[in-house]
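Peer 1: Fold the following, please.
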Amino acid sequence: MPDLVSAGAILICEQGTAPATLVVLPLNRVMVEGKPAANIEDHISIENIPSLGMCRSPINPEVAAATAAAEGVLTPMPCVPVIAAPWMPGAERTCISGAPALHSTSTCECGWGGVISIEEPGTIRTQVV
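Peer 2: Numbers count the residues shown, from 1 in each chain. Down below sits the predicted model:
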């Protein structure tokens, strides 16, 4: 069974250069292992998912422009995630604040082509179904 994800989970993006820490606001939330538990709606850029270092995606307009200026040499630019949809999949039977709980195998897609995944869930003893 996958682990429940909480505030402080470590996120990575295949197009980013550095991990980031998931932010879960403690509003009307269940506390798990002393931290607010996350649900699939915790996908808001900067609010929940901060910058993941530098973006290397050639479809990011900033990266494309910098790469063109560098005569075709890939030039990463600061990451600003563009997340249009919630994390998927969520837990099948566990809900947090009215939405499926976020678990350690969930991912979300950045509009610049990267897939954001959970490297460390922030919990060590709590699993979801």
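
Peer 1: C-alpha from now on. contacts and neighbour counts both.
Peer 2: Will do.

Peer 1: Give me the phi and psi for residue 65.
Peer 2: Backbone torsions for residue 65, taken as degrees, to the nearest 10, come to phi -70, psi -40.

Peer 1: hang on, residue 14 packs against residue 112?
Peer 2: No. Applying CA atoms under 8 Å as the test, residue 14 and residue 112 come out as separate, 10.8 Å apart.

Peer 1: Neighbour count: those two, which is higher?
Peer 2: Taking other CA atoms under 10 Å, residue 14 and residue 112 do not tie; residue 112 has more neighbours (20 against 15).

Peer 1: ok, that one - contacts?
Peer 2: 57, 59-60, 81-82 (CA atoms under 8 Å, 6 or more residues apart in numbering).

Peer 1: distance of it from residue 30?
Peer 2: Note on residue 112: its distance to residue 30, by CA to CA, to the nearest Å, is 32 Å.

Peer 1: among the contacts of residue 112, which ones are buried?
Peer 2: Among the contacts of residue 112, those scoring as buried are 57, 60, 81-82 (criterion: 16 or more other CA atoms under 10 Å).

Peer 1: Not counting residues beside it along the chain, what's closest to residue 43?
Peer 2: Spatial nearest neighbour of residue 43, chain neighbours left out: residue 86 (5.6 Å); criterion: CA to CA, 6 or more residues apart in numbering.

Peer 1: Next, that neighbour: secondary structure please.
Peer 2: Secondary structure, DSSP: H, G, I helix; E, B strand; the rest coil: residue 86 is coil.
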